[in-house]
Structures are given as structure tokens and as C-alpha cells.
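> Okay, sequence plus prediction incoming.
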Amino acid sequence: MPNRRQFLRTVGGTTAGLVAMGYGLNSFSQAPRREIFIGGRRVETVDIHAHAVVPEVSSLLGGTPFSDIGMPDWQALGPARLEDMNQRGIDYQAISINRYWWYGADENLASSIVRFHDEALAEWVEMHPDRFVALTSVALQYPELAAEQLEYAMTELGHRGASIGGHVLGEHVSDQRFDPFWAKAQELGAPIFMHPDGAKNAIRDGGLSGRGDLGNIIGNPLETTIFLSHLIYEGVLDRFPGLRIVAAHGGGFMPSYMGRAEVACHVRNNANCVNAKDPSDYLREQILVDTIVFDEEGLRHLVAEVGANHIVYGTDAPFNWPDTLDLVLDSPSLSNDEKAAIVGGNLRLLLRIS
């Protein structure tokens with residue numbers, strides 16, 4: 001099985017020549033690095049929503065059902081990632097590996113995949129400690145194993161939390177069998193970044209086909225909405241009040257339809273809710289959402305619903321979406337303190353970036 005050092009030699013080869021030519025690992029780009037100032041004060045920006053793949057993991061997948069998993073090179077970590085960050089004005093990225101295709105793997109293979117991913121990301125962070133932190137993407141189909149993976153990644157490799165999908169092959173992660181993972185996350189103070197994959201657990205086959213890439217545009221925020229709703233109504237956030245969840249894509253549809261979510265348990269006789277508080281309380285206490293809403297009214301509404309201290313900057317890098325950094329910086333509805341919190345301050349605290 002390939003190990004961390006083999007991975008380091010692979011990715012390091014890209015940067016070694018640059019170092020030899022006189023460029024440091026963090027300063028190889030000849031393009032100027034954008035610095036962000038708010039009210040005349042330099043602020044550091046942190047991006048929670050940053051994808052990566054490790055193509056070398058394919059060496060583990062021969063002869064398995066995952067041998068044809070696509071891992072495009074343009075999503076791999078390399079000099080282009082730092083170049084993009086410098087141009088955008090991103091000081092730190094919290095990188096994670098998503099799509100969660102290993103949720104279908106047996107326990108031994110899933111263990112090997114996650115370990116390989118985690119150690120590869122650790123090597124990248126070790127090479128660029130002032131630009132990146134990492135999140136583990138555990139094998140959540142085995143909750144006890146996932147808890148062990150989270151602890152190893154955080155205590156041995158320095159990862160700052162975990163990334164998970166909105167379901168496990170259709171199974172809601174609010175089920176009590178996942179409590180060992182939630183308990184470990186609470187014990188370690190590990191923020192959990194949830195990233196969806198088209199609401200495949202909720203939409204019938206072909207239900208989002210056709211024009212408009214609806215699997216992404218509608219499916220992703222829908223999956224996030226379902227995920228958050230289950231955590232709330234099934235009592236997960238009450239069982240584990242120390243949990244901190246970061247929901248991608250502005251928290252899905254929940255913040256924009258809070259009125260209906262708020263009254264469901266009171267007016268629907270068959271709702272059978274077990275949550276101890278109103279949904280809006282959890283959005284203001286345990287759930288954070290990213291900035292990927294793309295317009296001023298969407299941003300203003302998010303702040304009104306969840307508060308500026310529960311909104312964090314996200315880019316969806318390296319995918320081609322409008323960057324929301326200037327949306328926050330130019331917002332007429334935000335104070336300078338709120339802008340500074342959203343673009344980096346909230347995540348510096350959550351991810352323990354000092």
C-alpha cells in the first residue's frame with residue numbers, strides 16, 4: 001500500500017523544481033498575493049468549502065468495485081491551488097475530500113482509503129502550514145471506525161475536523177447507530193462540514209434530469225436541508241449539544257424557509273418531533289452555514305436568520321462558481337466586524353487557526 005512519503009514524493013516533485021529555482025513552497029507564484037483589508041485592518045480569510053482529490057489512491061482500488069472512480073487531476077492539490085488562492089485573496093483553505101464513494105466499501109478497504117486520504121492531506125498541510133488545514137472524510141458507514149478515524153486524524157495528523165455526506169447510501173445519519181461518531185466529534189470538539197451529493201437519497205432516478213444541472217442546483221441544497229432537518233427533529237443536536245455543524249451552500253433551503261420549519265412540530269399532529277428547541281435556535285447555536293448564496297439579498301437574509309457569527313466563507317474551489325468574498329466585503333448590510341467574522345474570524349476560532 002502506498003504511504004505518506006510516496007505521496008509526498010509525487011506531489012513534491014511538482015514543487016521541488018520551483019524551490020530549486022529560488023521560489024519557496026508558499027511563494028512560487030509570480031502573481032501578487034491579494035491581501036484583504038476591512039476598515040483599514042488586515043484580516044485573514046479562511047475558506048471552509050475547498051475540494052480535493054488524491055489520484056494516487058487509485059493504487060488501492062484495482063479489482064474492487066471502485067476501480068473506475070474518476071479523480072480528475074484538476075481537482076488534485078498542486079501549484080495551481082495556491083495560485084488561485086493568491087489571486088482570490090484566500091489565506092487559508094480547509095481542504096476535504098468529498099463525494100464519499102467509499103461509503104460503499106467494506107471495512108478493510110474503507111479503512112485503507114480514509115487512511116491514505118488523511119495522510120496525503122497531512123503531507124500537503126505539512127508542506128504549506130501557513131495556508132492549509134485539513135478535514136478527514138471518515139468511513140461513516142461504520143460509526144465506530146469513523147470515530148477512531150476522526151480521533152487518529154485530529155490527534156496524530158493535526159486535522160481540524162471532519163467532512164461527511166448528507167446520508168450514508170440513503171440512511172439518515174440521525175439514526176442512533178451513528179451516535180458513536182457524533183459522541184467522538186463532540187468529545188474532540190471537531191467541527192463537522194457536511195457536503196451533499198445531489199440528494200440521491202431523496203430524488204427518484206431521473207427526477208432531476210434535463211437542463212439546468214438540477215442535481216446540483218436543486219439536489220445539493222435539498223440534501224443539505226433534509227440532513228439538517230433530521231439532526232434537529234430527531235434530537236441529535238440535543239443529544240450532543242457540543243456539536244458544531246457547518247452546512248454547505250448557505251445551509252440549503254432551511255434558512256430561506258424557516259417559518260415552515262419553525263411551526264412544523266406545533267401544527268402537524270404527525271410530526272412526532274423530539275427536538276427540545278425551535279429549529280431557529282439550532283441555526284443560531286450549533287449550525288453554521290457558508291456564504292455560497294451569490295447575491296446580496298441572499299447574504300442579508302442569511303445574516304438575519306442565523307447571525308453573522310454563524311456564517312463562514314466558502315468557495316467550492318476548484319469548481320467554477322462565483323467567489324463570494326467580494327460579496328461580503330462590499331455588502332451594505334454588514335458592519336466591518338460582521339464582515340471580518342464571516343470572511344475568516346469565525347473559522348479561525350472553529351478550526352483553531354492561530
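Noted; the coordinates are in hand. Numbering: from 1, shown residues only.

> quick check: longest helix of the chain.
The longest helix of the chain (DSSP state H) is helix 107-127.

> what mean pLDDT does whichever helix or strand comes after that one have?
Next helix or strand after helix 107-127 toward the C-terminus (DSSP states H and E): strand 132-134. Summarised as a single mean, pLDDT over strand 132-134 is 98.

> any idea how far the helix or strand that strand 132-134 is followed by is from the chain center?
Downstream of strand 132-134, the first helix or strand assigned by DSSP H and E is helix 143-155. With Cα atoms, centre = their mean, to the nearest Å as the basis, helix 143-155 stands 17 Å off its chain's centre.

> Could you pull out the buried residues of the next helix or strand after helix 143-155?
Using DSSP H and E, the helix or strand that follows helix 143-155 in sequence is strand 162-164. By neighbour count on 16 or more other Cβ atoms under 10 Å, the buried set for strand 162-164 is 162-164. The C-beta positions use only the backbone N, C-alpha and C, and glycine is treated the same way.

> What lies in contact with strand 162-164?
Residues outside strand 162-164 that contact it (Cβ atoms under 8 Å, 6 or more residues apart in numbering): 96-98, 100, 135-138, 140, 150, 153, 173, 185, 190-195.

> and the helix or strand following it, what does it pack onto?
Next in sequence after strand 162-164, counting helices and strands by DSSP H and E, comes helix 179-188. Secondary-structure packing of helix 179-188 (3 or more Cβ pairs under 8 Å, 6 or more residues apart in numbering; DSSP states H and E): helix 143-155, helix 236-239.

> who are the neighbours in contact with residue 170?
By Cβ under 8 Å, 6+ apart, residue 170 lies in contact with 200-201.

> again, only using 6 Å
Counting by Cβ atoms under 6 Å, 6 or more residues apart in numbering, residue 170 touches residue 201.

> Residue 288: what secondary structure?
strand (DSSP: H, G, I helix; E, B strand; the rest coil).

> just to revisit the earlier point, nearest to residue 202, out of the helices and strands packed on helix 179-188?
Nearest to residue 202, of all the helices and strands packed on helix 179-188, is helix 236-239, at 18.3 Å by Cβ to Cβ.

> For the helix or strand following that closest one, name the packing helices and strands.
Using DSSP H and E, the helix or strand that follows helix 236-239 in sequence is strand 245-247. Packed against strand 245-247 by the contact rule (3 or more Cβ pairs under 6 Å, 6 or more residues apart in numbering; DSSP states H and E) you find strand 192-194, strand 287-290.

> So for strand 245-247, mean pLDDT?
98.

> Just the residues contacting that strand, thanks.
If you take Cβ under 6 Å, 6+ apart as the criterion, strand 245-247 is touched by 48, 191-194, 224, 228, 287-289.

> again, only using 7 Å
48, 191-194, 224, 228, 231, 286-290, 312 (Cβ atoms under 7 Å, 6 or more residues apart in numbering).

> Is it correct that residue 54 is in contact with residue 120?
Yes. Look at residue 54 against residue 120 with Cβ atoms under 7 Å: they come within range, at 4.5 Å.
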